[in-house]
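Undergrad: Provide a 3D model corresponding to the input given below.
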Amino acid sequence: MKKRITIQKASTTENKLFLETKEPVNGLVPAEQMLVDSVQFSFIYLMENQEDYTYIVFPEQIWPFLKSALEQNIPVLLTFREESIELISFHEELEYLITNIKGNSNYGNEMVTKVEENF
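TA: Model prediction:
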């Protein structure tokens, strides 16, 4: 099973969105791709290292921060203590998923409803 790191806290400072984890992120490289977990109602950003992918999980309570980052077109950074990695292609990937999910029952009616309400 792929390693999953869930975003614990989000904050906007100096026109950047900081997404905090409780686990180290050093050595991870943005894969510039996002997925949807319609069972857990979350978006997933793929990161990779030399061995495998790591899933960065954005639960529903973080979505208002994601929406704001999209609207303001500000950089999104994954952070753990002093470590920080910019999530490349984040806006394009998230916008694509949102557009694809709206009105698309393939993601499950509840996921569609949640995305339509939040975005």
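Undergrad: Show the contacting residues for the residue nearest to residue 46 when sequence neighbours are not counted.
TA: With sequence-adjacent residues excluded and distances taken as CB to CB, 6 or more residues apart in numbering, residue 46 is closest to residue 31, at 3.8 Å. C-beta coordinates here come from the backbone N, C-alpha and C atoms, glycine included. Neighbouring residues of residue 31 by CB atoms under 8 Å, 6 or more residues apart in numbering: 45-48, 53.
Undergrad: same thing but 10 Å
TA: Contacts for residue 31 (CB atoms under 10 Å, 6 or more residues apart in numbering) come out as 45-48, 53-54, 56, 87-89, 93.
Undergrad: would you turn those residues into JSON lines with neighbour count?
TA: Below are the contacts of residue 31 laid out as JSON lines (neighbours: other CB atoms under 10 Å):
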{"residue": "45", "neighbour count": "26"}
{"residue": "46", "neighbour count": "19"}
{"residue": "47", "neighbour count": "23"}
{"residue": "48", "neighbour count": "15"}
{"residue": "53", "neighbour count": "16"}
{"residue": "54", "neighbour count": "22"}
{"residue": "56", "neighbour count": "26"}
{"residue": "87", "neighbour count": "23"}
{"residue": "88", "neighbour count": "15"}
{"residue": "89", "neighbour count": "14"}
{"residue": "93", "neighbour count": "19"}
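Undergrad: ok so, going back, check what pLDDT the residue nearest to residue 46 gets.
TA: The per-residue pLDDT reported for residue 31 equals 96.
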